[in-house]
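Q: Structure for the following, please:
(one chain, ligands or ions: 2)
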Amino acid sequence: MNKKISIAILGSTGSIGKQALDVISKNENLFQVEVLTAHSNSSLLIQQSIKYLPNAVVITNELEYEYVKNALAKYNISVYAGKDALNQVVTFSTIDIVLSSIVGFAGLESTISAIKAGKKIALANKESLVVAGNIIIELSKQYNSPIIPVDSEHSAIFQCLVGENTNNISKIYLTASGGPFRNLTAKELENVTLKDALLHPKWQMGNKITIDSATLMNKGLEAIEAKWLFNIKPEQIEIVVHPESIIHSMVKFTDGSTKAQLSNPDMRIPIQYAFSFPKRINSELNNFDIFANNSLNFEKPNLINFPSLNLAFYAMEKAGNLPCVLNAANEIAVNAFLNNKIKFTDIPKIVEKTLYNFNYIKEPSLSDLIETDNIAREISLKLIK
Ligand code: NAD
Ligand code: MG
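A: Residues are numbered from 1 along each chain as shown. Ligands and ions are numbered 1, 2, ... in the order given. Here you go, the predicted structure:
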């Protein structure tokens with residue numbers, strides 16, 4: 001029997017983390033869990049640890065350490081706490097794949113540590129590429145650490161590009177469901193509630209990305225993610241609203257052909273592909289019915305109602321530290337909306353004000369980016385107050 005592939009799941013208690021564990025439990029002959037990490041949902045982390053018996057777990061919130069440690073005392077599992085522990089566990093020689101599925105800027109450092117350890121990276125944490133795409137792509141070449149996208153659109157593009165020469169890409173069509181507010185007027189958007197915004201029509205996801213999908217900032221972040229992953233120019237990326245969420249993205253080639261990847265909207269498919277690449281596995285997810293999906297529609301996005309898209313394209317084109325500013329301001333604004341501190345339509349306003357007044361750094365180092373992130377958060381917080 002072939003050796004099983006050992007996987008470290010960073011952010012195992014989140015939406016992606018839980019779906020990754022489901023993929024692993026349905027393919028126990030192929031995959032095993034080596035490390036689990038979570039920030040604060042320690043009861044779920046404990047349950048997962050008892051079920052999957054990883055060699056190590058990390059609870060980054062140190063206040064929860066004693067609780068997790070005691071609960072796992074009778075198992076042969078090492079328990080660590082704190083942010084630094086994350087950077088250490090990802091380097092363990094027993095790990096084959098690191099699934100980077102922490103949400104936000106908080107996922108950046110551990111992703112870099114895993115790359116420097118030469119691990120294969122299954123990347124869900126798009127924010128790390130938005131903030132530090134240049135640095136991450138360079139490090140991934142230097143340390144021979146392949147990055148396989150988990151984001152469904154990027155997995156689709158990646159699959160369309162297997163066997164292709166990226167010089168032959170003419171355009172990438174990044175598909176978007178359009179979110180829950182696609183058909184609202186500008187006036188109606190002013191009054192949407194948090195509850196409405198959390199009801200995504202097609203995907204069940206963590207709160208932050210669900211709000212990003214409603215503002216379309218998610219698609220802006222994904223455009224920046226695509227730029228780095230596929231080494232393409234901003235003008236080669238076109239956002240297409242495709243409400244059915246069946247085509248997960250498309251690549252148009254210089255010879256006039258366009259390739260697309262289709263499946264049911266189920267994140268376990270791209271997660272599974274990132275784990276099995278370059279192979280495909282036989283899976284119970286193989287139940288897509290083309291006749292049940294015989295109407296596929298495409299529209300241009302509404303840039304007036306969803307200004308976040310233009311803000312993200314502005315940051316992508318200017319590059320430097322501006323995508324980092326965009327991301328930090330967006331994390332703060334989304335968090336404020338989630339806590340009922342601002343209106344839905346205030347989110348892009350806060351991002352815009354933070355972005356347009358920021359000190360530009362053309363070629364930021366990692367420490368410049370950490371500082372940029374801190375300052376952008378402070379500015380956005382002041383704007384909210
Ligand atoms: P989530 O909020 O459901 O889960 C986040 C996970 O990160 C949790 O396990 C949490 O404990 C951990 N975490 C949060 N803050 C942390 C911190 N400061 N330090 C360490 N760990 C921390 O999020 P999600 O929806 O699973 O998304 C995770 C990532 O995957 C995001 O970057 C998101 O954009 C991306 N993604 C998600 C989906 C999806 O369907 N959910 C699809 C595509 C991409
Ligand atoms: Mg996506």
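
Q: Tell me where the stretch 51-200 of the chain has helices.
A: Along the stretch 51-200 of the chain, the segments classed as helices by DSSP state H, counting those that start in this stretch run 65-71, 83-89, 108-116, 126-142, 152-160, 186-190, 194-197.

Q: Can you confirm whether the fourth one lies near ligand 2?
A: The one in question is helix 126-142. No: under the criterion of Cβ under 5 Å from the ion, ligand 2 is not reached by helix 126-142; the shortest gap measures 7.5 Å. From N, CA and C alone the C-beta is placed, and that goes for glycine too.

Q: Mind listing what's buried along that helix?
A: Of all the residues in helix 126-142, those buried under the rule 16 or more other Cβ atoms under 10 Å are 126-137, 139-140.

Q: ok and it relative to helix 108-116, angle-wise?
A: Interaxial angle, helix 126-142 versus helix 108-116 (axes from the mean of the first three to the mean of the last three Cα atoms, to 10 degrees): 20 degrees.

Q: I'd like the helices of the stretch 51-200 of the chain as JSON lines, with mean pLDDT and distance to Glu363 appended.
A: JSON lines is the format used below for the helices of the stretch 51-200 of the chain (pLDDT from 0 to 100; distance: least, Cβ to Cβ, whole Å):
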{"stretch": "helix 65-71", "mean pLDDT": "98", "distance to Glu363": "39"}
{"stretch": "helix 83-89", "mean pLDDT": "97", "distance to Glu363": "24"}
{"stretch": "helix 108-116", "mean pLDDT": "98", "distance to Glu363": "17"}
{"stretch": "helix 126-142", "mean pLDDT": "98", "distance to Glu363": "8"}
{"stretch": "helix 152-160", "mean pLDDT": "98", "distance to Glu363": "25"}
{"stretch": "helix 186-190", "mean pLDDT": "96", "distance to Glu363": "37"}
{"stretch": "helix 194-197", "mean pLDDT": "96", "distance to Glu363": "36"}
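
Q: quick check, Lys219 in a strand?
A: No: Lys219 is assigned helix when assessed by DSSP: H, G, I helix; E, B strand; the rest coil, not a strand.

Q: so it touches Leu303, yeah?
A: No: using Cβ atoms under 8 Å, Lys219 is not in contact with Leu303, being 11.2 Å away.

Q: Please determine how far Glu238 is located from ligand 2.
A: 16 Å (Cβ to the ion, to the nearest Å).

Q: Make sure I have this right: that residue is in a helix.
A: No: checked against three-state DSSP, Glu238 lies outside a helix; its state is strand.

Q: Just list whatever residues bridge to the residue lying closest to it once chain neighbours are set aside.
A: Closest residue to Glu238 apart from its sequence neighbours, by Cβ to Cβ, 6 or more residues apart in numbering: Tyr173 at 5.4 Å. Under DSSP bridges, the beta-bridge partners of Tyr173 are Glu238, Met250.

Q: Count the neighbours of Tyr173 for me.
A: Neighbourhood size, Tyr173 [other Cβ atoms under 10 Å]: 20.

Q: Show me what residue of the stretch 1-150 of the chain gets nearest to ligand 2.
A: Lys126 (7.5 Å; Cβ to the ion).

Q: tell me how far the ends of stretch 85-96 are from each other?
A: This stretch, stretch 85-96, spans 18 Å end to end (Cα to Cα, to the nearest Å).

Q: And for it, what's in contact with it?
A: Under the criterion Cβ atoms under 8 Å, 6 or more residues apart in numbering, residues 5-8, 10, 34-35, 37, 55-56, 58, 60, 80, 98, 109-110, 113-114, 116-117, 119-120 lie in contact with stretch 85-96.

Q: just checking, Ile148 touches Phe158?
A: Yes: counting by Cβ under 8 Å, Ile148 touches Phe158, with 6.9 Å between them.

Q: do you know how far the closest residue to Met217 other than its chain neighbours is from ligand 2?
A: Sequence neighbours aside, Ser308 is the residue nearest to Met217 in space, at 3.9 Å (criterion: Cβ to Cβ, 6+ apart). According to Cβ to the ion, Ser308 stands 15 Å off from ligand 2.
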